[in-house]
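Engineer: next come a sequence and a model predicted from it.
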Amino acid sequence: MGASDNTVLGARMAAAKRRRTRIAVVAAVAVALLGAGAGLWLFSGGASSFYDAAARAGQAPTKTPEEIQAELNRVVEEGMFNISIASTVDFASPGSPGVANIENVPGNRYDMKVSIALDDTGETVYESGGIAPGDYIPEIELSRALAPGMHDATATFRAYDRQTHEEVGSAAARIVLSVGSAS
């Protein structure tokens, strides 16, 4: 093999290497484009679209106003809960327990926790643990003794999903903490 044969062989090898490199680059670009296209298709809902493309927002136009109102009432009712606590919680003396009758009424769908905060300072003076529907707490003890007299407060009921214990809502009631006073 002469020098010219080596040159031709070297040129062929270089050309083959360039061809392989070009093929690899083209293949990589094709794979990237296919991946990007597949990603767009998946994110646009093409793969397993749960929602029907023909679905429209709102309620069917054939429903009467009464049917629509009944459905709205049902949805509101499902999210509602009742709260129950004495409007005046009586404590015989500072530091003594008081009769609160905090109740999670049997018809509620949620577990409850209750906190009581003084209206003038915002200080939380009571926090319950979880209360299941149909249970109640007859007496409570405050986290600190209050001076004798009437203290305006707010009882906040927090509702929790019965399975996950995630908070789903809250409601509040104005109450009075009566310490060492006849009510």
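Structural biologist: Sure, I can see it.

Engineer: all helices for the chain, in order.
Structural biologist: Assigned by DSSP state H, the helices in the chain fall at 3-43, 65-79.

Engineer: average pLDDT across the shortest one?
Structural biologist: Yep, that's helix 65-79 we're talking about. For helix 65-79, mean pLDDT is 67.

Engineer: quick check: the nearest residue to Leu118 once chain neighbours are set aside vs Ser84, distance?
Structural biologist: Nearest residue to Leu118 in three dimensions, chain neighbours excluded: Ala153, at 5.4 Å (C-beta to C-beta, 6 or more residues apart in numbering). C-betas here are computed from N, CA, C, even on glycine. Relative to Ser84, Ala153 is positioned 16 Å away (criterion: C-beta to C-beta, to the nearest Å).

Engineer: so the two - more neighbours on which side?
Structural biologist: Neighbour tally, Ala153 and Ser84, criterion other C-beta atoms under 10 Å: the higher count belongs to Ala153, 23 against 15.

Engineer: show me what that one bridges to in the sheet.
Structural biologist: Leu118, Ile175 (DSSP bridges).

Engineer: now do it, the pLDDT please.
Structural biologist: 97.

Engineer: these two touch, right, it and Gly122?
Structural biologist: No - in this structure, Ala153 is not within contact of Gly122 by C-beta atoms under 8 Å, at 10.3 Å.
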